[in-house]
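**Q** Using only what follows, build the 3D model:
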Amino acid sequence: MKIRFGYVANALNLYDSTPSKTMTFARYQKLASKDREEQLERITRTNLEHTIRALHYNIAHEIPLYRFSSSLVPLATHDEVDFDYITPFTEEYRMIGELVRAHQLRTSFHPNQFTLFTSDRPHVTENAVKDMEYHYRLLEAMGLEEEGHINIHVGGAYGDKEKSIARFHDNLKQLPVSIKEQMTLENDDKTYTTTETLQVCEEEKVPMMFDYHHYMANHDEGEDLDKLLPSFFKTWSEMPPKLHISSPKSEQAYRSHADFVDITFVRPLLQEIKRLEQDVDFMIEAKQKDRAVLQLIEDISSIRGVKRLSGGTIQL
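**A** Sure thing, here's the model as predicted:
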């Protein structure tokens, strides 16, 4: 079975390449009216150009997974900012989509933790829908709206998980069906365990994004990999199941991501995946991003019985 690898947004091996340059609303307010749109357009174009650079980097290194930055467009969902972030950048979006499709890359978005559907406050749900619509519009502009996923967490528990999950199902009805079809849900490191997230995914018929580090930080007794993984795999149909991989920064900061991925930390997962003979994709969430991907591939490739098939793919 095969494992493919990828990283989040910024290829650190490239010079000055962040696709997440931004501007605060306070800074925006201080600008003259004629300068506001000019600055937003300049920053957005830079972020898109840096995204294109990262995709070329992935292609050159045969790294098949890439997560787009959610900060491609500064202030995109701010209520007091009216900015057309699609039309002026048609060519950049087209180039991104063509690169992804031509080289069969797997791409995604991961909105921040405030994009959630468990709140009892209507404006929180409204903002979540607005943020999901923003990410979907970017996928549409790239021509990737039928293959790119938008990954979020279930959300907060607010002192009562049962009621919060019921609200999730109810609030999610406000999300357009076309966007929900591209949504995935991820288990988190404090609140919703893998089993709880899996149950929500099964009810809503959306794929689950299994975060191994979060699982290790937040699981109940009896939540064993050999029982969880097969059910998680079944939530995926047209694509290989996708996992988030990182390791703790330290025992004291267990939930924080380390710079690189500790091979000893993920080895039990690798062994279970091998036993189940399931092709999977690993999105690496270590702080060193592409450098961590390349190092982890080297570390796994040194294990007896592992064959490296390309720059970013190995075979167990």
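**Q** in this protein, which spans are strands?
**A** Under the criterion DSSP state E, strands of the chain are mapped to 2-8, 65-67, 106-109, 149-153, 183-186, 208-211, 242-245, 280-284, 307-310, 313-315.
**Q** need those in JSON lines with distance to residue 36, can you?
**A** Bear in mind the C-beta positions are built from the backbone N, C-alpha and C, glycine included. Written out in JSON lines, the entries for the strands of the chain read as follows (distance: least, CB to CB, whole Å):
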{"stretch": "strand 2-8", "distance to residue 36": "29"}
{"stretch": "strand 65-67", "distance to residue 36": "29"}
{"stretch": "strand 106-109", "distance to residue 36": "25"}
{"stretch": "strand 149-153", "distance to residue 36": "28"}
{"stretch": "strand 183-186", "distance to residue 36": "32"}
{"stretch": "strand 208-211", "distance to residue 36": "36"}
{"stretch": "strand 242-245", "distance to residue 36": "36"}
{"stretch": "strand 280-284", "distance to residue 36": "35"}
{"stretch": "strand 307-310", "distance to residue 36": "45"}
{"stretch": "strand 313-315", "distance to residue 36": "44"}
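**Q** average pLDDT across the longest helix anywhere in the chain?
**A** With DSSP state H applied, the helix covering the greatest number of residues in the chain is identified as helix 33-61. Averaging pLDDT along helix 33-61 gives 97.
**Q** which secondary structure elements does it contact?
**A** helix 25-30, strand 65-67, helix 90-102, helix 289-301 (3 or more CB pairs under 8 Å, 6 or more residues apart in numbering; DSSP states H and E).
**Q** show me what contacts the residue nearest to residue 124 when sequence neighbours are not counted?
**A** Distance criterion CB to CB, 6 or more residues apart in numbering; nearest residue to residue 124, sequence neighbours excluded, is residue 116 at 7.0 Å. By CB atoms under 8 Å, 6 or more residues apart in numbering, the residues touching residue 116 are 124, 128, 152-156.
**Q** Find the nearest non-adjacent residue to residue 17, please.
**A** Here the nearest residue to residue 17 in space, its sequence neighbours aside, is residue 50; by CB to CB, 6+ apart that works out to 5.0 Å.
**Q** what residues are up against the residue positioned nearest the centre of the chain?
**A** In the chain, the C-alpha nearest the mean C-alpha coordinate belongs to residue 110, at 3.8 Å (CA atoms, centre = their mean). Contact criterion CB under 8 Å, 6+ apart gives 8, 67, 70, 150-152 as the residues in contact with residue 110.
**Q** switch to 10 Å and redo it
**A** Residues in contact with residue 110, defined by CB atoms under 10 Å, 6 or more residues apart in numbering, are 8-9, 67-70, 135, 149-153, 184, 186, 209, 244, 283, 285.
**Q** and what of residue 250?
**A** Taking CB under 10 Å, 6+ apart as the definition of contact, the neighbours of residue 250 are 256, 258.
**Q** Report pLDDT for residue 132.
**A** The predicted local confidence for residue 132 comes out at a pLDDT of 98.
**Q** my guess is it meets residue 138, correct?
**A** No: between residue 132 and residue 138 there is no contact under CB atoms under 10 Å: 11.0 Å.
**Q** Overlap in contacts, those two.
**A** Counting by CB under 10 Å, 6+ apart, the common neighbours of residue 132 and residue 138 are 109, 150.
**Q** residue ranges with poor pLDDT in the stretch 1-150 of the chain?
**A** Under the criterion pLDDT under 70, no range of the stretch 1-150 of the chain is flagged.
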